[in-house]
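[1] Pasting the sequence and the predicted coordinates here, then a few questions.
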Amino acid sequence: MSFQYKPIGDGVSSLHVPDRRPAKDVMHAFIYLFVLTAVYGVGIYVASGNDSATAYDTWTKLADYDTCKGSSPAGLLGADPEPTPSPSDLPPATTVIRHIKWFLVAGAGLSFVTGLLFLEAFKRSAQGMMKVMVGIKASLPAVIGLACLSQGVVGPGIVMLLLSAFTIFVFYLWRQELALCGRLLSLSATGLQANPSLISFTLLMKIGLLGFIIIPHAAFMGLAFADGSAVLDPSVQVPPSGQNECTDPTTMEVVPCCLWQTAPWVSPYVALASFSLLWSIMLAFEMRLYVIASSITDWYYAPQGAYVRGNVMKAVGHAFGPAFGTLAYGSLVLTLIDIMRRAAENARRQNSRNILVCLVTTCMACFAAVFEALTKFATIHAAITGQAFCDAGRDVVSLLKRNFLAAYGVWWLPPMVLNMFSFIFSAGVGVAIYLVSLPILEDHHGNNVGSTEALIVALITGFLSLVILAFFSSILLNIVDSTFVLYAMDRDQACVTMPDIHAIFGEVPSVKAHAVVEQPTGDLAYGSAPRSATMA
């Protein structure tokens, strides 16, 4: 009996459109640019005629009755700025910053180096990193428990020891999954090594987002709030003649006399600017995912051993060119989902004892998670094929359904492992910088001040490390998601482009493996069950 298999050819790679692509979802690109232009245009106009110095001086005097009753005594409105204090007169916060600034610079550099070492470690020995994670995760509760027992705190000590034993048992049950997760992340690190420009692009994207989007939006909204005037708070008790302090009529405590009342146009503008800011941040995330997916696709379909050049710049050109509307569409969906999630969370907090509200918000959270996953895979598919957003979403859902792939997040374990590593590594960097800076700062500024400054340095450095490691982790996870879609496209066409990737994804839970056969030419392919068998 002989079986017939699907033909092998360029079926999958023909779905990838690497070069010239027609523009898609143009309307959404125009809508985004219109919103952004409106925010910047109004913001620049307000900045050109806004007396923010006078507004700030008024804000600082809202407690005084004279501010909102119409008088303007000397030194209140339009006063000359105070002279810059000498270093010996600096406030404590400024003094601390002056003391620790070089430690913060060193900590930021150490955080970035830690991120690079983080990637290199996963590339060289992902299994070893898994063992380190398991060891730290299991031993940390044991160390805390032993410390509690040594201090005579028996109850919490026993609980922590039991937690350590339970953690070891769970990791023992997960030993095969952890090994598979290590192979998956090692493959992702290899893909990043083959496309090192992705790190530079992502860093530049974040810097551009901060400099051209976040800071201008914050400045424009601040200047908008400066367009207003001080008005008397109707709930306070006006002071007697000759006095300048208002009181609460109920408690008789001294309270500010005035409120800052903005112009009528400010609230709509700030709402539009907030929406524009959130949309722009989501657009930056979508661009990062698109560029990573497109670059990894070129690497995936390149001949074995070939060095791929220019794929990142080409992907950037597509992201800011024909695919800009698609990314604006996807980021708009994510923006609306985020607004919906925030509204649901606020409703849940305000009605924490209402079971109906809790049920509705839980359903909305599930709805938001599903649509975020669909948006992610639609963006990846659009990066591969150049399709419009809705077409890509429809095709990728059909693709995953045809191949029995439960693709919600690909797999829950890699994100959990990377988040755990990010927290452990950032905590280690914070402790290290604390131990290094503590004796130096204590020697120069005394024990109390020095220890406080060392703690501030450690907390800031640890936070920076967590942000940087989360940044590198997100790149690795985006590569995993992109290769997963490419793997699904291979399976759909019954061919094997990268055997290593297929071997790993074939072992992922919820992924139904197919038989792999070797063709007469030596190529590998998936065999499909025949509709009919031909007797030899």
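    Cool, got the structure.
[2] pLDDT below threshold where in the stretch 151-300 of the chain?
    242 (pLDDT under 70).
[3] Excluding chain neighbours, give the residue nearest to G191 in space.
    Of all residues not flanking G191 in the chain, I479 sits nearest, at 4.8 Å (CB to CB, 6 or more residues apart in numbering). (Glycine included, C-beta is placed from N, CA and C.)
[4] Below-threshold pLDDT in this structure: ranges please.
    Of all residues in the chain, those with pLDDT under 70 make up the ranges 1-19, 50-63, 69-99, 242, 305-306, 404-412, 508-536.
[5] the strands in it, which residues?
    For the chain, applying DSSP state E gives strands covering 228-232, 246-247, 254-255, 258-262, 516-518, 524-526.
[6] ok, back up a step: neighbours of the residue nearest to G191, just the number please.
    25 (other CB atoms under 10 Å).
[7] Make sure it is actually in contact with T190.
    No: in this structure I479 lies outside contact range of T190 using CB atoms under 8 Å: 9.2 Å.
[8] As a markdown table, the strands of the chain with mean neighbour count and distance to V316 would be great.
    Below are the strands of the chain laid out as a markdown table (neighbours: other CB atoms under 10 Å; distance: least, CB to CB, whole Å):
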| stretch | mean neighbour count | distance to V316 |
| --- | --- | --- |
| strand 228-232 | 17 | 42 |
| strand 246-247 | 20 | 57 |
| strand 254-255 | 14 | 55 |
| strand 258-262 | 17 | 40 |
| strand 516-518 | 14 | 35 |
| strand 524-526 | 20 | 33 |
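[9] Compare the ones you listed and give me the one nearest L140.
    Between L140 and these, the shortest separation by CB to CB is 41.8 Å, and it involves strand 516-518.
[10] so how many other residues sit close to R342?
    Using other CB under 10 Å, R342 has 11 other residues around it.
[11] do you know how far it is from R349?
    Here R342 is placed at a distance of 11 Å from R349 (CB to CB, to the nearest Å).
[12] C366 too?
    Taken as CB to CB, the span from C366 to R349 is 19 Å.
[13] next one: M416
    26 Å.
[14] Now A470: closest residue in space that isn't a chain neighbour?
    S422 (5.4 Å).
[15] mind checking the end-to-end distance for stretch 234-243?
    By CA to CA, to the nearest Å, the extent of stretch 234-243 from end to end equals 18 Å.
[16] Residues contacting that stretch, please?
    The contact list for stretch 234-243, computed with CB atoms under 8 Å, 6 or more residues apart in numbering, reads Y65, L232, E245, C246, T247, D248, P249, V255, P256, C257.
[17] Now do E345 against K376, distance only.
    With distances taken as CB to CB, E345 is found 21 Å from K376.
[18] So which of these two has more stuff around it?
    More neighbours surround K376 than the other of E345 and K376, with 25 against 13 (other CB under 10 Å).
[19] Test my guess that that one contacts L289.
    Yes: counting by CB under 8 Å, K376 does reach L289; the two are 6.7 Å apart.
[20] which residues do those two both contact?
    With CB under 8 Å, 6+ apart, K376 and L289 have common neighbours D481.
[21] contacting residues for the residue nearest to A458 when sequence neighbours are not counted?
    In this structure, A458 finds its nearest non-sequential neighbour in Y434, 3.6 Å apart by CB to CB, 6+ apart. Shown in contact with Y434 (CB under 8 Å, 6+ apart): A454, L455, V457, A458.
[22] can you list the strands of the chain in JSON lines and add distance to V467?
    Shown next, in JSON lines, are these (distance: least, CB to CB, whole Å):
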{"stretch": "strand 228-232", "distance to V467": "35"}
{"stretch": "strand 246-247", "distance to V467": "43"}
{"stretch": "strand 254-255", "distance to V467": "39"}
{"stretch": "strand 258-262", "distance to V467": "33"}
{"stretch": "strand 516-518", "distance to V467": "42"}
{"stretch": "strand 524-526", "distance to V467": "41"}
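[23] Quick check: which of the ones you listed is nearest to L356?
    Using CB to CB, the nearest of the strands of the chain to L356 is strand 258-262, at 36.3 Å.
[24] what is the orientation angle of that closest one with strand 228-232?
    Inter-element angle recorded for strand 258-262 and strand 228-232: 150 degrees (by axes from the mean of the first three to the mean of the last three CA atoms, to 10 degrees).
[25] so what strands line up beside strand 258-262?
    The pairing partners recorded for strand 258-262 under DSSP bridges are strand 228-232 (antiparallel).
[26] Just name whatever secondary elements the longest helix anywhere in the chain is in contact with.
    Determined from DSSP state H, the single longest helix within the chain is helix 447-492. Packing partners of helix 447-492 (3 or more CB pairs under 8 Å, 6 or more residues apart in numbering; DSSP states H and E): helix 92-124, helix 175-194, helix 197-209, helix 266-301, helix 355-385, helix 389-402, helix 413-445, helix 499-505.
[27] Summarise which helices and strands the first one is packed against.
    Read it as helix 92-124. Right, helix 92-124 is packed against helix 126-150, helix 175-194, helix 413-445, helix 447-492 by 3+ CB pairs under 8 Å, 6+ apart.
[28] Ok, the last one next?
    For helix 499-505, the contact count by 3+ CB pairs under 8 Å, 6+ apart identifies helix 175-194, helix 447-492 as packing neighbours.
[29] buried residues in the first one?
    Judged by neighbour count (16 or more other CB atoms under 10 Å), helix 175-194 contains these buried residues: 177-178, 180-192, 194.
[30] same question, stretch 456-466
    I456, V457, A458, I460, T461, G462, L464, S465, L466.
[31] How about stretch 132-145?
    M133, V134, I136, K137, A138, L140, P141, A142, I144, G145.
[32] For that stretch, give me every contacting residue.
    156-161, 163-164, 167-168, 171, 178, 417, 420-421, 424.
[33] From the residues you listed, keep the buried residues only.
    For the contacts of stretch 132-145, buried by 16+ other CB under 10 Å: G157, M160, L161, L163, S164, T167, I168, F171, L178, V417, F421, I424.
[34] want to throw these into CSV with distance to M205?
    Listed next are those as CSV, based on distance: CB to CB, whole Å:
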residue, distance to M205
G157, 47
M160, 42
L161, 46
L163, 40
S164, 41
T167, 37
I168, 41
F171, 36
L178, 32
V417, 25
F421, 23
I424, 27
